[in-house]
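1. what's the 3D shape of this:
(2 chains)
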Amino acid sequence: MNRTIVLGVIGSDCHSVGNRILDAFFTDKGFRVVNLGVMVSQEEFIDAAIEANAAAILVSSLYGHGELDCAGFRDRCVERGLERIVLYAGGNLVVGKAPRGEVAAKFMAMGFDRVFMPADDLEEAARLLAADIGGRP
Amino acid sequence: MNRVLSVDIGSTWTKAALFDVGSKTPAALRRAAVPTTQDDLFEGVAQVARELLALPTDAPLAPALDAAPLYACSSAKGGLSIAAIGIVPDLTARVARLAAASAGGRIAAHHSYRLGAREVAALEVEQPDIVLFCGGTDGGNESYVRANARALAGSALASTILYAGNASMRDEVSGILRGKRLVVVANAMPEVGALDIEPAREAIREIYLGSIVEGRGLGRVRELCAADIRPTPLAVFDLVGMLASAGREWSDTLVIDMGGATTDIYSHTTAFHGEEGWVLRGIREPALTRTVEGDLGLRVSARSAWHTGEQYISQRLGGDHAAGALGEWVERAARQTSVLPASPEERMFDDLLAEACLHHALRRHAGTVEEAYTASGKVRVQKGKDLRGVRRIVASGGFLARRGMRGSTGSASPVLRALESARTHVDERTGATSLLPEAPEVLTDRQYLFPLLGNIADSYPQQAAEIAAACLANAHLALPPDSTEGHDHA
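-> Numbers count the residues shown, from 1 in each chain, chains lettered A, B, ... in the order given. Next up, the predicted model:
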């Protein structure tokens, strides 16, 4: 199974602590992590995914503007030939306290496969990621 | 006295200098130039060598060269032409161009993503010396690499193919390209954003020596040389890398070589400083790099330079009152590559075209910065190379040797004017500005010694750097009347 994933914090967001934790965690779980760090644009995620032949892109957003930054992400992946790539978004994706279902629905409508909240279990996320990648050969 | 003879075989002129590298103050002793002898490049080299060594026309050269060893570089007969291929324009396709340019190549073509029939057909016409084939990180992309290997395998290309892509694809690529001349080296971008271009540069040097030197009619020259012949841009590249050893004031230098066909920029400076509040995106460039712009030149490339620089030129002209006459000048310059401006108006056109070439070449060589406001304050996002630390700019090449320090109006130098306009240019879409030097000193390589000193930079690094520094330090003092003797416009 292809276990290469691209990781980064999207937009004008320089929260780097969570990014480093995710990098260490997924590496430890046997994923090959291409970590782009903070302030990453959609194009950069996709560029890196193409060169590294990634199976998934994990987009973090901590500063509340995730919805704006992520708009059109799946469409752009399709345009660039990454129709089958697994797309996750996670963090404080919207401003204020919105219910999980509402946030998830917004991001799934944009073409993300799963959406994660700050308190979600990483172990579970890693299991889901492996399953989603495996289910999309 | 320890003397060396250095020769630069250009497409129109074969230039040479005799250097004293043995005494306490190394120096350029004599210079000479003869028209390049197209039928047999050796003849021109022999002529210019005899002239500098004060030998009779039929004297054998070899014994005289024992006392003054010969070093040579060449850009004659097309130089070293390389097609650069990668996948993503900002990643491996960019790395391929950077590696090819930094090996002294002329970028004959560059392609990203999948090579289509049209691209392959264009390569077959061009028949570059080398196809630098990059793509994918190690363990990364396979589909584009496989497709491009097959496209190259099915082509009528006689070029040497240098594979510097995804290491996991080496065996498969070697299999697909077994019918071609193939050299395989380490991946030029093993991880996203991380560069390793030295193995590709070294392989290009070996391919040049092994199969290209002979084909360019340089076999006899090589027999007389004390060191390997190299492509002229590589000689300059090596010298730029050595300049820092001439003193601290030379540690951050940018060199511009503008000719009739291309505008080349070399820089040696730290690419990213990692200051507080700065973030680097994309690839981290090496300290020493070269870019070469095939659409920006004053003669052969005048039409494309005009096209690229149209906005810059019309802004400078302030309307279109001279556009018709400028168009005529461009046509003349493109067709008749040895033409020199005669009237004040033609000089102004030549200057404008040069400024446009410089403006765009500087912006392409330099990285950019854009400001972003985050929850924790303002952040500056840098892409490409930071040239703000550059303190000296050396203007080389025929046009700049003539006009580097003063424009047709007699006041501002075209270099400084183009630099200022490039530095203050703001990208309309992103608000990004170029990371260009702010108040550099501009020096002119009036005698076009850079390639000649580059030839000896490996063997005599300290001396080459010192002579360059000494010749340039005086260059802005006196300017003799316009002269183009010995300067290539190609």
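2. and the residue of chain B most remote from its centre, how close does it get to A:V94?
-> In chain B, B:A375 marks the outermost C-alpha relative to the chain mean, sitting 42.4 Å out by CA atoms, centre = their mean. As judged by CB to CB, to the nearest Å, B:A375 and A:V94 stand 15 Å apart. For glycine as for every other residue, the C-beta is placed from the backbone atoms N, C-alpha and C.
3. tell me which other helices or strands the helix or strand harbouring B:C357 touches.
-> Assigned by DSSP states H and E, B:C357 belongs to helix B:344-365. Contacts defined by 3 or more CB pairs under 8 Å, 6 or more residues apart in numbering or on different chains; DSSP states H and E place helix B:344-365 against strand B:253-258, strand B:263-268, strand B:288-293, helix B:302-308, helix B:310-317, helix B:323-335, helix B:398-403, helix B:414-424.
4. correct me, but B:A465 touches B:A246?
-> Yes - because the distance of 3.6 Å satisfies CB atoms under 8 Å, B:A465 is recorded as touching B:A246.
5. chain A contacts on the stretch 1-150 of chain B?
-> Selection of the stretch 1-150 of chain B residues close to chain A by CB under 8 Å from any CB of the partner chain yields B:87-88, B:90-92, B:135-137, B:139-144.
6. which residues touch the strand or helix carrying B:E370?
-> Taking DSSP H and E as the criterion, B:E370 maps to strand B:368-374. If you take CB atoms under 8 Å, 6 or more residues apart in numbering or on different chains as the criterion, strand B:368-374 is touched by A:12-14, A:39, A:63, B:278, B:378-384, B:386, B:427, B:430-435.
7. rerun that using 6 Å as the cut-off
-> A:12, A:14, B:378-383, B:430-432, B:434-435 (CB atoms under 6 Å, 6 or more residues apart in numbering or on different chains).
8. and it, which strands flank it?
-> Paired neighbours of strand B:368-374 in the sheet (DSSP bridges): strand B:377-383 (antiparallel), strand B:433-434 (antiparallel).
9. report the buried residues of that strand.
-> Counting neighbours by 16 or more other CB atoms under 10 Å in any protein chain shown, one finds that the buried residues in strand B:368-374 are B:368-370, B:374.
10. now the residue in the stretch 351-490 of chain B that chain A sits nearest to: closest residue in space, sequence neighbours ignored.
-> Minimum separation of the stretch 351-490 of chain B from chain A (CB to the nearest CB) falls at B:A372, amounting to 4.0 Å. Distances taken as CB to CB, 6 or more residues apart in numbering or on different chains place A:S12 nearest to B:A372, at 4.0 Å, with adjacent residues excluded.
11. now swap in B:R31 and tell me
-> Closest to B:R31 by CB to CB, 6+ apart is B:A17, at 4.8 Å.
12. surely the one you found forms part of a strand?
-> Yes - B:A17 forms part of a strand when assessed by DSSP: H, G, I helix; E, B strand; the rest coil.
13. and it, how many neighbours?
-> Residues near B:A17, counting by other CB atoms under 10 Å in any protein chain shown, number 26.
14. can you check A:I21 too?
-> Count around A:I21 with other CB under 10 Å applied: 11.
15. the one 3 residues further on too?
-> For A:A24, the number of neighbouring residues by other CB under 10 Å comes to 12.
16. who's in contact with the helix or strand containing B:P451?
-> Here B:P451, judged by DSSP H and E, is contained in helix B:450-455. Residues outside helix B:450-455 that contact it (CB under 6 Å, 6+ apart): B:6, B:8, B:17, B:71, B:73, B:232, B:235-236, B:238-239, B:396, B:464, B:467-468.
17. at 7 Å instead, please
-> B:6, B:8, B:15, B:17, B:71-73, B:232, B:235-236, B:238-239, B:255, B:396, B:464, B:467-468 (CB atoms under 7 Å, 6 or more residues apart in numbering or on different chains).
18. list only buried entries from those residues.
-> By neighbour count, with 16+ other CB under 10 Å, these hold B:6, B:8, B:15, B:17, B:71-73, B:232, B:235-236, B:238-239, B:255, B:396, B:464, B:467-468 as buried.
19. quick one: low-confidence ranges for the stretch 301-450 of chain B?
-> Counting by pLDDT under 70, the stretch 301-450 of chain B contains low-confidence residues at B:319-322, B:402-412.
20. what does it put close to chain A?
-> B:372-376, B:379, B:381 (CB under 7 Å from any CB of the partner chain).
21. tell me the two of those residues that are most distant?
-> The most widely separated members of those, counting by CB to CB, are B:A375 and B:V381 (15.4 Å).
22. so which residue is dead centre in chain A?
-> The centre of chain A sits closest to A:L58, judged by CA atoms, centre = their mean, with a distance of 1.9 Å.
23. partners of that one in the sheet?
-> Beta-bridge partners, per DSSP bridges, of A:L58: A:L7, A:Y88.
24. look at it and report its pLDDT.
-> For A:L58, the model assigns a pLDDT of 98.
25. looking at it, it is touching A:L87, isn't it?
-> No - if you go by CB atoms under 7 Å, A:L58 and A:L87 don't touch, sitting 8.3 Å apart.
26. now the helices for chain A?
-> Using DSSP state H, the helices of chain A run over A:17-28, A:42-52, A:66-70, A:73-79, A:100-109, A:122-134.
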